[in-house]
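[1] Sequence and computational prediction follow.
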Amino acid sequence: MSARYLIRLDDIAPHMDWPQFERLSRVFDTFDIRPLLGVIPDNRDPQLLTFPELSGDFWDKVRSLQARGREIAQHGFQHVYVTHDCGLMGVNGLSEFAGLPFDEQLDKLAGGQQLLREHGLSCETFMAPSHSFDRLTLRALRELGFTTVTDGFAPWPSIEHGLIFLSQWLANPRVLPLGVQTFCLHVNVMTEGQIHRVEQFVADHHREFLTFAEARSLATPQTLNRVAGQVIGSTMRGLKTVRRNLRRRRNSA
Ligand SMILES: [Zn+2]
């Protein structure tokens, strides 16, 4: 089987770039792609709050998107970074959860889950702000009944720590030789070129997309997949370090 693709949209909140969101929605609707929407239960992120607020009821909007086949993920709690822990993924040194005691993490996650439930939304997938979570986050997610984490480096969907991991390490869509990859789109900061690239990719490859339920059904605990994920993970972290060092050197030059 050749590669299959998924799309997730991060940072869905009342304050965001709604015109850009609607533009992308049109191409997803045209080709019946069902992206995962990472909804922030109680957005307090000062940067995100600078975007204009949706005119109309945000929760009505999310419920109607869910009714149209979009799956909803819980994207953290308030999207406010409180530690510099890069967690198990090891990519970004900012976290809302990693490094905090278990009870604190559980309270935040339960608080977010409760808010979403009060608005008629139930989620089984967790999307960590800044891709940062640790073993205690995963334990709290299991206790709260989550099944899936949209993160990871394994080529195919995997089962680890008692949860399904759907691989996510690319932002810009591109053709891959194998596996199931989630492209992570930050609608609020996408350039015209990036949006155009998504539109083109979806038009060309829409038959190769899966729903999140389909991707979940492919998850296995296979060792080979996990080992391949570790190799990809350390390569990605290595590339990130090289890029960071180059940037530092350029800035100090
Ligand atoms: Zn985010």
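    Great, that's in hand.
[2] Name the residues of this protein found near the ion, please.
    With CB under 5 Å from the ion as the criterion, the chain meets the ion at residues 10-11, 129. In short, each C-beta sits where N, CA and C put it, glycine included.
[3] could those residues go into TSV alongside secondary structure, pLDDT and neighbour count?
    What follows is the residues of the chain next to the ion, written out as TSV (DSSP: H, G, I helix; E, B strand; the rest coil; pLDDT from 0 to 100; neighbours: other CB atoms under 10 Å):
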residue	secondary structure	pLDDT	neighbour count
10	strand	96	26
11	strand	97	26
129	helix	94	23
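[4] For the worst-scoring helix or strand of the chain on mean pLDDT, buried residues please.
    Least confident element among the helices and strands of the chain, by mean pLDDT, DSSP states H and E: helix 223-252 (a mean of 83). Neighbour-count burial for helix 223-252, with 16 or more other CB atoms under 10 Å as criterion, is recorded at 225-226, 228-229, 232-233, 236.
[5] Could you list the low-confidence segments of the stretch 1-150 of the chain?
    By pLDDT under 70, the low-scoring segments of the stretch 1-150 of the chain are 1.
[6] how about a cut-off of 50?
    Scanning the stretch 1-150 of the chain for pLDDT under 50 picks out no residues.
[7] would you list every one of the helices in it?
    18-30, 58-67, 102-118, 135-143 (DSSP state H, counting those that start in this stretch).
[8] what about stretch 159-174, how long is it end to end?
    25 Å (CA to CA, to the nearest Å).
[9] before we move on, back to that, and the buried residues of helix 223-252, which is closest to the ion?
    residue 236 (18.5 Å; CB to the ion).
[10] Quick check: the closest one touching residue 170?
    No: the pair residue 236 / residue 170 is not scored as a contact, 9.5 Å apart, by CB atoms under 8 Å.
[11] Include distance to residue 185 when you put the helices of the stretch 1-150 of the chain into TSV, please.
    Listed next are the helices of the stretch 1-150 of the chain as TSV, based on distance: least, CB to CB, whole Å:
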stretch	distance to residue 185
helix 18-30	7
helix 58-67	15
helix 102-118	21
helix 135-143	23
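[12] now residue 36: how far from residue 139?
    23 Å (CB to CB, to the nearest Å).
[13] Between those two, tell me which one has more neighbours.
    More crowded of residue 36 and residue 139, by other CB atoms under 10 Å: residue 36, with 28 against 16.
[14] mean confidence score for stretch 156-163?
    For stretch 156-163, the mean pLDDT works out to 95.
[15] List the buried residues of it.
    Buried-residue list, stretch 156-163, by 16+ other CB under 10 Å: 156-160, 163.
[16] Need the residues that contact it.
    For stretch 156-163, the surrounding residues in contact (CB atoms under 8 Å, 6 or more residues apart in numbering) are 135, 138, 141-142, 146-149, 152, 164-167, 179-180, 215-216, 218-222, 225-226, 229.
[17] closest point of the stretch 101-250 of the chain to the ion, which residue?
    The ion sits closest to residue 129 of the stretch 101-250 of the chain, with a gap of 4.4 Å, by CB to the ion.
[18] close enough to count as contact, that residue and residue 92?
    No: judged on CB under 8 Å, residue 129 makes no contact with residue 92 at a distance of 9.1 Å.
[19] Phi and psi next, for residue 163.
    Residue 163 adopts backbone torsions of phi -130, psi 160, taken as degrees, to the nearest 10.
[20] sorry, back to before: could you dump the buried residues of stretch 156-163 into TSV and include secondary structure?
    As requested, those are exported to TSV (DSSP: H, G, I helix; E, B strand; the rest coil):
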residue	secondary structure
156	coil
157	coil
158	strand
159	strand
160	strand
163	strand
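[21] on that earlier part again, mind listing what the residue nearest to the residue of the stretch 101-250 of the chain closest to the ion when sequence neighbours are not counted touches?
    Excluding the flanking residues, the one nearest residue 129 by CB to CB, 6 or more residues apart in numbering is residue 76, at 4.1 Å. Listed by CB under 8 Å, 6+ apart, the contact set of residue 76 reads 40-41, 96-97, 108, 112, 127-129.
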